[in-house]
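Engineer: predicted model, plus sequence, below.
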Amino acid sequence: MSTGAIVMMIISIVIVWGGLIAAILKLRGHPQEVEPEADAQTGPPA
């Protein structure tokens, strides 16, 4: 592999893993609120 290919590979790995880490940190700080489904509360129709 050439030097340029290795540099581009490292940059792309940093972007992908950095985005993953940023998403995890954001979700840890602001978790999504799950709304209960209407069917789960009322049960099956009679």
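Structural biologist: Nice, thanks for sending it over.

Engineer: what residues sit buried inside whichever strand or helix holds residue 26?
Structural biologist: Using DSSP states H and E, residue 26 sits in helix 3-29. For helix 3-29, the neighbour count (16 or more other C-beta atoms under 10 Å) marks no residue as buried. Where C-beta positions appear, they are placed from N, C-alpha and C, glycine not excepted.

Engineer: let me see the mean pLDDT of that helix.
Structural biologist: The pLDDT scores in helix 3-29 average 96.

Engineer: residue 31: how many residues sit nearby?
Structural biologist: Close neighbours of residue 31, defined as other C-beta atoms under 10 Å, add up to 8.

Engineer: and it, its phi and psi?
Structural biologist: Here is the backbone geometry of residue 31 (degrees, to the nearest 10): phi -70, psi 150.

Engineer: and it, how far is that from residue 25?
Structural biologist: Relative to residue 25, residue 31 is positioned 12 Å away (criterion: C-beta to C-beta, to the nearest Å).

Engineer: and if you look at residue 35?
Structural biologist: From residue 35 to residue 25 the distance is 24 Å (C-beta to C-beta).
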